[in-house]
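Participant: Provided below for reference: sequence and predicted model.
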Amino acid sequence: MSTEIQEISPFTQELIRQIRAIDQFGNWSRLSDEEVLTKIYVKTKEDLKEIPIIADIDEILIGQIKMIFKAVALQFERKTGVMCNVVMEMSHEGFGRCIVIAGRIVLVDKYFKDAHRFSFRTIEKLYEEGDKYLAQSFATYEQYKPCIKGDE
């Protein structure tokens, strides 16, 4: 792993780990972490114009979207010791939902429409969104944790 991982947020560290783990053939080994994340998740307005408004979503993109929420779940587990599940349901048209669950508590609930156009304008926006989901998951868990005492 590159040295830049030490300087970035826990969410970003986990997302990079996830991406590097699925790179079976080393296709991205020569790229920096930021280059890989940019290649996968950042699209300019011009890039989006090339994607049809109505299109079917492919399994690779579904996996890339789900990977963001898996990174949130894994970092939540590392910090709290509470197991999480990521559940994603997506229609072929790109409508769906992804949730991160810890026990009976829904930590993150994200609805998608036209997920085939899912992207961020900048790498910083990806970092912000992931950090926001992670912070939201901790806050939600702390808020509702008293409701599940005795169920664990």
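Facilitator: Sure thing, it's come through. Numbering: from 1, shown residues only.

Participant: against Tyr141, how distant is the residue lying closest to Met83 once chain neighbours are set aside?
Facilitator: Nearest non-adjacent residue to Met83, counting by C-beta to C-beta, 6 or more residues apart in numbering: Glu77, 6.1 Å away. For glycine as for every other residue, the C-beta is placed from the backbone atoms N, C-alpha and C. Between Glu77 and Tyr141 the computed distance is 11 Å (C-beta to C-beta, to the nearest Å).

Participant: ditto for Pro52
Facilitator: Taken as C-beta to C-beta, the span from Pro52 to Tyr141 is 39 Å.

Participant: between these two, which has more neighbouring residues?
Facilitator: Taking neighbours as other C-beta atoms under 10 Å, Pro52 and Tyr141 compare with Tyr141 leading, 20 against 10.

Participant: got the phi and psi for the more buried one?
Facilitator: phi -60, psi -40 (degrees, to the nearest 10).

Participant: isn't it right next to Ile105, touching?
Facilitator: Yes - Tyr141 lies in contact with Ile105 (C-beta atoms under 8 Å); the separation is 5.8 Å.

Participant: the residue nearest to Phe95 when sequence neighbours are not counted: neighbour count?
Facilitator: Nearest residue to Phe95 in three dimensions, chain neighbours excluded: Lys113, at 5.4 Å (C-beta to C-beta, 6+ apart). When neighbours are defined as other C-beta under 10 Å, Lys113 has 10 of them.

Participant: just the helices in the chain please.
Facilitator: 10-22, 33-41, 45-49, 59-80, 123-144 (DSSP state H).

Participant: just the CA trace of the second one, in PDB.
Facilitator: So the one you mean is helix 33-41. Extracted in PDB, the C-alpha atoms of helix 33-41 (Å, rounded to 0.1, in the frame of the first residue of the first chain):
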ATOM      1  CA  ASP A  33      -4.600   5.600  -5.000                       C
ATOM      2  CA  GLU A  34      -6.000   9.000  -6.000                       C
ATOM      3  CA  GLU A  35      -5.700   8.100  -9.700                       C
ATOM      4  CA  VAL A  36      -7.600   4.800  -9.200                       C
ATOM      5  CA  LEU A  37     -10.400   6.500  -7.200                       C
ATOM      6  CA  THR A  38     -10.600   9.300  -9.800                       C
ATOM      7  CA  LYS A  39     -10.800   6.800 -12.700                       C
ATOM      8  CA  ILE A  40     -13.600   4.900 -11.000                       C
ATOM      9  CA  TYR A  41     -15.700   7.500  -9.300                       C
END
